[in-house]
Every structure is written in structure tokens, then in C-alpha cells.
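> coords please:
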Amino acid sequence: MKRIAIARFAHEGNSFASVKTELADFQAGEWATGAAVPQAYHGTNTEIGGAAAFLAERPEWEPRFLRATFATPSGEVTRDAFETILGEILQGLAAAPSDAVYLAQHGAMQVEGVDHADLEILKRVRAAIGTTPLGVSYDLHANITQELLDLADVSIGYKCHPHTDMAETARKCLGLLFDKIAGRIDPVHVVVPMNALIPSINARTTDGPMAEAAAFARGLAAGGGLLDVTLYQGYAYGDRVHAGASAVVVADRDRAAAMRAAEAAVAEMHRIRDRLFIAMPDAASGIARGLAEARAGRGPVAVIDAADHPGAGANADTPDLLRALVAAQPDIDCAFVFFWDPGTVAQAIAAGIGGRFEAALGGRLTGDFGPPVRLDVTVERITDGQIVHTGPVYHGLALSYGRTAVLRHGRIRIAVTEICQMVTDPSFFALHGIDLASLGVLAIKAKNQFRAAFAGSFASMIDVDVPGPAAYDFARLPWRRIPKTHFPFAR
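Okay, the predicted model is just below:
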């Protein structure tokens, strides 16, 4: 029987976030090893869930599960956490030989003192396994270089944004890897960089300009007989020289064909590039519009703050959106989701259900984006913060927000959590007793992942442009490493 080692070490690092990502943050996210891995990921829409399902259909291959972990995007990973997790994976690879290796990365990890963390991971894995065939999968927001591709035998990325094809990506990666091992194909990889940072807020593959580019890529792959075409949108907030969008093409032996297709794909991304940039209202204008629509019977309305979205590496701490909602003095039911604030959760628990206290919300980690919003609140609900995803993103995966609280101020209910995790799933609202259909406005720190489960729940969704670590306006951020030859810095 052949053996395949499987590991996941993934993180999306925001260079402008004020909080480093430590080992405890990985342990609070996805964290499993050995026999616990297939149990944790069974039936989930994740890369490891997809890999486990794929291998269950192939009894001639024995999976050997090493460390599988992912922490919610945040600031740079500490060097200690990086070395600890990578060291565990390398020890697992060295403990027993394998006939193949599958590694699920993200492609936008930032680590203290490391120029290109994902490349460093692959270099060390390749040194540990020698010529053993290696398959690697990436998030659509990976920052890809040719050096990364040259270290893997097979490398592909997600095609969907919002990300609903994680399990499918793993299955395809493993299928190509096994075809490579059997001698049926000999994959060659080519990347063509776009030399541009693009905002993800209007880069969904479900609609708009990026949907056109995604359809073009699918046509390229089918018409050219190629193994894979991935349009990587890149991760702009990872301030590194290799950051940016790109196209990667995998062909069977034909590097020239791969290059032609990659160049055509990048040309298509340039064609739609300027349409990715859109005008958005500020927080006050977005809230005013949302309330007006709801009062006119066109609710519920979601007002979305992407600049403080944990899924983009922010820390659910900026106060502008709540400040605007409070200032509007809504006379209809509204909800604000959410702040990451363990101290306020502890205050709520101490006060108890029905208890009152003055909360200082937002601006806890840094004053760079404004002072806290101080409110008299009543504790309405306390939970254990445990959910299992029921929607299309991470379907079936368990997640913990730590203890959480719902606070009420007038017609506004405010969710506060002990652990910073993105909100993408209906189970979060069920846990907190928030009936979306009964709301006028939901003000939420979220982005496109949120739309996958909730597009049908709201009469409209209003994206707002506010300050934050993942601000839509790139000019607001203190870049240090991004080449100034990149668009939009050079036009």
C-alpha cells in the first residue's frame, strides 16, 4: 500500500494589523493532528475534508495526517509559532517515508523576520522529502511566485470568491498528483504577474467584472487542453515585494502553451482591472441609506465594513461603523456584528442577563482608527460561542468564538466575542438569537465570504469605505515593501 502524508499550515497575514498571530491563535482555530484530523474535517468543505474524502475512495493509498492548522487572518505570525508548527510537520515527514505529500497552504502568510513565509515552508518541506511527489493548494488570494511553483509537482488554487470550492480544489490537486505519479501527465507551471494590487471587495467570481475574467479562464483551460488555470487575485495587505495578482497555468509538458495562456489570462485581468475599483459611501452615509431603505419597507439591509473584516486580517476593533449607527438613533431594530473584546465579554458575564454597565466599544487595540464608542448597555444574551458551519463556506466545520455576549443599546443589539473569528455563517446568528428577517439594518464587519450564505437574506447589501487595517483605499495605508511600480501606485 502506498502512503501519502497530508498537512495544512495556512494563514493570511495583514501587515497593517496591530495584533501578532501567536501559537494560541492557531490552536483556537483549526488545530488537529493524527487520527483527530479526519474526525475534525469529516464532511467539511475544506481542503483537508476534500482530501480525506478523495482518499477514502482510493483504498490503495493510506493517508498519514500530520498537523492541520489555520488561524483567522490577523497580523504577522510570530517566529516562534511559525517554527513550532513547521517543525512539527517536518518531524512528521521525517518520521516515516511517504510516496506522496499533500500540503494545503494559503499563499499569503507573513512571518516576523521572513521575507516570503510560504516559500520558506516549501523549501524546508522539499528538503525533507527530496524527490517525493508534492502537491500544494492555495487560496485564490495567494501571492504566487515562480519559485513557489518550481518546488511543487502540482500546484493549483481556488477558483471561487466567495470561497466555496475548497474541498473541490484539494480533490483536483490530488487527482493531478496521482496522475503525475502514474506517469499519465508531466505538469509544468507558469506564473505571469499582473504587477498590480486589486481590491477584493468587487472581485467576486459570482458577478461583476471578475466573473467575466473567471469565465475567460475556464474557457482557456477547456479550449487549450490545459490541466489548470487559476486567476490569483493576490493579497494586497501582505506588504511584501512578491504581493499582487497573477495568473498561473498548469500544462502537460508544454511550457510554451502554459505561457501563452497565462499571458492571455493576465491580459484579461488588465482589461477588467479598472472596473474593480468602485465608489463606496462612508459609514454615516451607508447607515443613513440602509435605514432609509428599511423604513421604506425594503429591508433588511446589510451595511458591510470590509476594512475591519477578520477574514482580511483585521481585528474587529475599529469603531466608525458602530459610531455611525448610534449617531443615527435608529427607531427600528438593528444589530451590530461584532467586536472582538474579551474584557467587555467578561463585564457582561459579571453583570449577568439583564444587567447594565457602561461599555467602551472599539478602539481597544489602537487609537489609529478613532476612540471607543462609550454606551450604556444591557446584557441580553451570553453564549459559549460554539458553532458548526451550516452554510457553503467551511460547511460542517466547528468553530469557537470563545464566550460571547449580546448587548442592547436602544434599538441596537451588539455582539461581542472573546475570540476573533470571521462571521460567514447563519449559525452565528442563530446562536445569538438574532433573526435577520426581523431587522431593519445589520451593520457587520465582513466581506465577500459573508455573501455566500446571506445574499438571499437581505434586500440589499451596502459596502462602506471606512478606515481600518484592510481599508479599500490603499492610499490610507503605510506601505513599506510593495514595489511602487505596482498599480495603482504607478498608473
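
> what residues sit buried inside whatever helix or strand residue 170 lives in?
Assigned by DSSP states H and E, residue 170 belongs to helix 166-181. Within helix 166-181, the residues scored as buried using 16 or more other Cβ atoms under 10 Å are 166-167, 169-181. (Glycine included, C-beta is placed from N, CA and C.)

> export it as CSV, just CAs?
Taking C-alpha atoms only, helix 166-181 is exported to CSV below (Å, rounded to 0.1, in the frame of the first residue of the first chain):
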residue,chain,number,x,y,z
MET,A,166,-12.0,24.4,-1.0
ALA,A,167,-12.8,20.7,-1.0
GLU,A,168,-13.0,20.6,-4.7
THR,A,169,-9.6,22.3,-5.0
ALA,A,170,-8.0,19.6,-2.8
ARG,A,171,-9.6,16.8,-4.9
LYS,A,172,-8.3,18.2,-8.1
CYS,A,173,-4.8,18.8,-6.7
LEU,A,174,-4.6,15.2,-5.5
GLY,A,175,-6.1,13.9,-8.8
LEU,A,176,-3.4,15.6,-10.8
LEU,A,177,-0.7,14.5,-8.3
PHE,A,178,-1.8,10.9,-8.7
ASP,A,179,-1.8,11.2,-12.5
LYS,A,180,1.7,12.6,-12.2
ILE,A,181,2.8,9.6,-10.1
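
> how far off centre is that helix?
21 Å (Cα atoms, centre = their mean, to the nearest Å).

> C-terminal to that helix, what's the next element?
Per DSSP H and E, the helix or strand that comes after helix 166-181 is strand 187-193.

> show me what that next one is packed against.
Strand 187-193 sits against helix 146-150, strand 246-252, helix 255-272, with contacts defined as 3 or more Cβ pairs under 8 Å, 6 or more residues apart in numbering; DSSP states H and E.

> let me know the average pLDDT across the shortest one.
In other words, helix 146-150. Averaged across helix 146-150, the pLDDT comes to 98.

> so which elements touch that helix?
Using 3+ Cβ pairs under 8 Å, 6+ apart: helix 146-150 touches helix 117-129, strand 187-193.

> residue 465: which of the ones you listed is closest?
Closest approach to residue 465 among the helices and strands packed on helix 146-150 is made by strand 187-193 (27.0 Å; Cβ to Cβ).

> compute the inter-axis angle for that closest one and helix 255-272.
If you take axes from the mean of the first three to the mean of the last three Cα atoms, to 10 degrees, strand 187-193 sits at 30 degrees to helix 255-272.

> not counting its neighbours along the chain, what's nearest the spatially most central residue of the chain?
Centroid-nearest residue in the chain, with Cα atoms, centre = their mean: residue 311, separated by 4.5 Å. Using Cβ to Cβ, 6 or more residues apart in numbering and skipping residues adjacent in sequence, the residue nearest residue 311 is residue 422, 3.8 Å away.

> circling back: so which of the helices and strands packed on helix 146-150 is the most surrounded?
Counting by mean count of other Cβ atoms under 10 Å, strand 187-193 has the highest mean neighbour count of those, with a mean of 21.

> so how far is the next helix-or-strand element following that one from its chain's centroid?
On the C-terminal side of strand 187-193, the nearest following helix or strand under DSSP H and E is helix 209-223. Centroid separation for helix 209-223 versus its chain: 22 Å, with Cα atoms, centre = their mean.

> and the residue nearest to residue 311, how many neighbours?
Residue 422: 23 surrounding residues under other Cβ atoms under 10 Å.

> and if you look at residue 238?
When neighbours are defined as other Cβ under 10 Å, residue 238 has 29 of them.

> now the closest residue to residue 406 other than its chain neighbours: phi and psi?
Counting by Cβ to Cβ, 6+ apart, residue 406 lies nearest to residue 381, which is 3.9 Å off, once chain neighbours are set aside. Dihedral pair for residue 381: phi -160, psi 150, per degrees, to the nearest 10.

> list the contacts of residue 381.
Applying Cβ atoms under 8 Å, 6 or more residues apart in numbering to residue 381 gives the contacts 353, 405-406, 432-433.

> from residue 191, how far off is the closest residue to residue 13 other than its chain neighbours?
Nearest non-adjacent residue to residue 13, counting by Cβ to Cβ, 6+ apart: residue 110, 3.0 Å away. With the distance defined as Cβ to Cβ, to the nearest Å, residue 110 ends up 20 Å from residue 191.

> next one: residue 222
Distance of residue 222 to residue 191, computed by Cβ to Cβ: 20 Å.

> end-to-end on stretch 219-228?
End-to-end distance for stretch 219-228: 11 Å, by Cα to Cα, to the nearest Å.

> okay, buried residues for that stretch please.
220-221, 224, 226-228.

> quick check, nearest of those residues to residue 40?
Using Cβ to Cβ, those come closest to residue 40 at residue 228, 27.7 Å.

> wait, doesn't that closest one sit right on residue 158?
No - applying Cβ atoms under 8 Å as the test, residue 228 and residue 158 come out as separate, 11.4 Å apart.

> how far away is residue 363 from residue 132?
Where residue 132 is concerned, residue 363 sits at a distance of 50 Å (Cβ to Cβ).

> do residue 396 as well
For residue 396, the distance to residue 132 (Cβ to Cβ) stands at 30 Å.

> those two: who's more crowded?
Comparing residue 396 with residue 132 by other Cβ under 10 Å, the one with more neighbours is residue 132, at 18 against 15.

> what about the helices in this protein?
Along the chain, the stretches classed as helices by DSSP state H are 23-27, 36-41, 47-56, 79-95, 117-129, 146-150, 166-181, 209-223, 255-272, 283-295, 320-327, 342-351, 426-431, 448-454.

> can you redo these as TSV with distance to residue 484?
Converted to TSV, the helices of the chain look like this (distance: least, Cβ to Cβ, whole Å):
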stretch	distance to residue 484
helix 23-27	32
helix 36-41	42
helix 47-56	35
helix 79-95	28
helix 117-129	22
helix 146-150	22
helix 166-181	33
helix 209-223	25
helix 255-272	19
helix 283-295	30
helix 320-327	29
helix 342-351	39
helix 426-431	40
helix 448-454	28
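
> of the ones you listed, which is nearest residue 238?
Nearest to residue 238 among the helices of the chain is helix 117-129 (9.3 Å), distances taken as Cβ to Cβ.

> contacts made by that closest one with the rest, please.
By Cβ under 8 Å, 6+ apart, helix 117-129 touches 9, 13, 77, 82, 86, 89-90, 93-94, 98, 101, 103, 105-111, 114, 134, 136, 142-143, 145, 147-148, 151-152.

> so what's residue 332 up against?
With Cβ under 8 Å, 6+ apart, residue 332 has these contacts: 291, 294-295, 299, 411, 439-441.

> between those, which sits nearest residue 387?
Distance to residue 387, by Cβ to Cβ, is smallest for residue 439 among the contacts of residue 332, at 19.3 Å.

> neighbours of the nearest residue to that closest one once chain neighbours are set aside, how many?
Leaving aside its chain neighbours, residue 439 sits nearest to residue 300 (4.4 Å; criterion: Cβ to Cβ, 6+ apart). When neighbours are counted by other Cβ under 10 Å, residue 300 registers 24.

> which residues does residue 300 contact?
294, 436-442, 457-459.

> ok, so of those residues, who is nearest residue 216?
Once Cβ to Cβ is applied, the member of the contacts of residue 300 that ends up nearest residue 216 is residue 458, at 29.6 Å.

> pretty sure that closest one sits against residue 303.
No - counting by Cβ under 8 Å, residue 458 does not reach residue 303; the two are 9.8 Å apart.

> any residues in contact with both of the two?
Here residue 458 and residue 303 have residue 442 as joint contacts, going by Cβ under 8 Å, 6+ apart.
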